[in-house]
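[1] The following block contains a protein sequence and its predicted model.
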Amino acid sequence: MKKAASIVLTVVFFLVFFAGMGVLLHYSKQEVHGIACKELQVSIPGPHEFLTEEDVKGFIDNFYGIYVGQRIEDVGIESIEKMLLTKAQVRDADVWVTDDGVLHAEVIQRDPVMRFEKGGKGCYADRDGNLFPLCENYVADVPVIACDPALGADPEWLSNAIALVRKISENAVWKGRLNAFEVADNGDFILLGENLRIIYGDFSQSARKFSAMEKYFSVIAPKCDYNSVNIKYKGQIICRKDS
């Protein structure tokens, strides 16, 4: 009998508890329902500064129009997110509202691995091959390829260029020897060091070409420094020195 009474009391307790929670949630929803959006707060974490908070606020203002004063549950956060993701510099975006009436937008910028630049025109490329424009007030510290940025429009060429530049720039030894890149008028890829041009040619036979470069730096250069080294031809290391 006592056990039955205990079970009844327990059931009654939980019924009262959940009923009370339901009432609280109801009033809580009623309170949130009336909250208006009062401001926008933007955060842009990460090391780069391609976009400023004012840039992001401008994107949202121009796209969405008036959000201040709108009920927070009516703010089109999904449409704002989709709009931000159309910006070339943006890798990811998250938009949400909080019960204090604040609209939040967090923007993750793309992380460049190299920069194309020639004749005042240029763009950045990230490791996935996404291109995005240069910034007037910020320059990322990445390897530079002096060439027509239009070359980056070729996905295969861009993928090969990224792979080669990363192989050199992410290796301490090669990075100490070679610090810039360019593309000749005939399409040859050129690796640049201090007073040195290495004619790499196309992107084929990477293992052979790196072996030839290693031979130049370890065997040939200690005996005589050359200004131009051509490794594009199989079985040859053609060295020239300016007179």
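    Yes, it's here. Residues are numbered from 1 along each chain as shown.
[2] List the buried residues of whichever helix or strand residue 158 is part of.
    Using DSSP states H and E, residue 158 sits in helix 155-169. Under the neighbour-count criterion of 16 or more other Cβ atoms under 10 Å, helix 155-169 has 157, 158, 160, 161, 162, 164, 165, 168, 169 buried. For glycine as for every other residue, the C-beta is placed from the backbone atoms N, C-alpha and C.
[3] Dump those to CSV, plus pLDDT and distance to residue 139.
    Below are those laid out as CSV (pLDDT from 0 to 100; distance: Cβ to Cβ, whole Å):
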residue, pLDDT, distance to residue 139
157, 96, 24
158, 96, 21
160, 96, 25
161, 96, 20
162, 96, 19
164, 97, 22
165, 96, 17
168, 96, 20
169, 94, 16
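[4] Give me the phi and psi for the residue nearest the centre of the chain.
    Centroid-nearest residue in the chain, with Cα atoms, centre = their mean: residue 110, separated by 1.6 Å. The phi and psi values for residue 110, taken as degrees, to the nearest 10, are phi -70, psi 150.
[5] Okay, now the unreliable bits of the protein?
    1-33, 243 (pLDDT under 70).
[6] which stretches of it form strands?
    Assigned by DSSP state E, the strands in the chain fall at 39-43, 90-97, 102-109, 112-118, 121-126, 131-133, 144-146, 180-183, 189-193, 196-201, 228-230, 238-240.
[7] tilt between the second one and strand 39-43?
    Which is strand 90-97. Using axes from the mean of the first three to the mean of the last three Cα atoms, to 10 degrees, the inter-axis angle of strand 90-97 relative to strand 39-43 is 150 degrees.
[8] Buried residues, strand 90-97. List them.
    Going by neighbour count (16+ other Cβ under 10 Å), the buried part of strand 90-97 is 90, 91, 93, 95, 97.
[9] quick one: which two of the residues you listed are the most distant?
    Greatest spacing in these, by Cβ to Cβ: 91 and 97 (22.6 Å).
[10] Residue 165 contacts residue 114, doesn't it?
    Yes - shown here, residue 165 and residue 114 form a contact pair, counting by Cβ atoms under 8 Å, at 4.9 Å.
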